[in-house]
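In: Test case, fold it:
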Amino acid sequence: MSSISFSDAIAVYGAFAGVAAITTALQAAVALQPLAQLDDVRHRKRDSNPGDARYTNAKDDAKTYFRGAILLSVGAVFVNAAVLTAWGYLVFAVVPTRHLYLELPFVAIGVAALYLIAVAIVGVVGLHDEK
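Out: Next up is the predicted model:
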């Protein structure tokens with residue numbers, strides 16, 4: 001594929017950067033939700049005994065939270081991965097020359113997205129263990 005001019009790449013770069021920031025922020029909300037739910041389930045189980053209604057309700061809630069967390073997390077990760085892939089292609093393959101000020105924001109948001117994937121995995125696995 002032929003490269004585009006630097007000015008055209010910069011024009012598209014801003015759009016990709018904005019969309020990546022928005023999708024990463026949405027991924028953050030989705031990733032942090034299972035952690036909050038996990039804390040709630042563990043607190044309710046800790047303050048009750050097996051066989052109590054509160055304990056059983058907490059386990060049932062963990063099952064429900066787990067299913068929701070899986071669906072939301074997978075969707076958020078796929079959307080963010082698609083945006084980051086397109087943006088990364090622009091930064092590393094289409095722009096005719098290397099520019100640190102174009103690459104650094106991409107790498108920073110990419111690292112944040114990977115961190116949020118790890119956070120989501122911790123929350124989802126924790127909910128799975130509590131159900």
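
In: how about low-confidence regions in the chain?
Out: Within the chain, the stretches with pLDDT under 70 are 1-3, 96.

In: Spatially central residue for it, please.
Out: Q27 (3.5 Å; CA atoms, centre = their mean).

In: Give me the neighbour count for the residue nearest to that residue when sequence neighbours are not counted.
Out: Nearest non-adjacent residue to Q27, counting by CB to CB, 6 or more residues apart in numbering: A76, 4.4 Å away. Every C-beta, even on glycine, is put in place using the N, C-alpha and C of the backbone. By other CB atoms under 10 Å, 22 other residues sit near A76.

In: Mind listing what's buried along the strand or helix carrying A76?
Out: Assigned by DSSP states H and E, A76 belongs to helix 53-89. By neighbour count on 16 or more other CB atoms under 10 Å, the buried set for helix 53-89 is 55, 58, 61-62, 65-66, 68-69, 72-73, 76-77, 79-80, 83-84, 87-88.

In: Output the contacting helices and strands for that helix.
Out: helix 6-46, helix 100-130 (3 or more CB pairs under 8 Å, 6 or more residues apart in numbering; DSSP states H and E).

In: For the shortest one, which helices and strands make contact with it?
Out: Right, helix 100-130. Using 3+ CB pairs under 8 Å, 6+ apart, helix 100-130 sits against helix 6-46, helix 53-89.

In: wait, which of those is closest to P105?
Out: helix 6-46 (6.0 Å; CB to CB).

In: for the closest one, the distance to its chain's centre please.
Out: The chain centroid and the centroid of helix 6-46 are separated by 5 Å under CA atoms, centre = their mean, to the nearest Å.

In: Report the inter-axis angle for it versus helix 53-89.
Out: For helix 6-46 against helix 53-89, the angle by axes from the mean of the first three to the mean of the last three CA atoms, to 10 degrees is 170 degrees.

In: Does helix 6-46 pack against any helices or strands, and if so which?
Out: helix 53-89, helix 100-130.

In: can I get those in a markdown table with distance to A9?
Out: A markdown table is the format used below for these (distance: least, CB to CB, whole Å):
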| stretch | distance to A9 |
| --- | --- |
| helix 53-89 | 11 |
| helix 100-130 | 8 |
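
In: Done for today, thanks.
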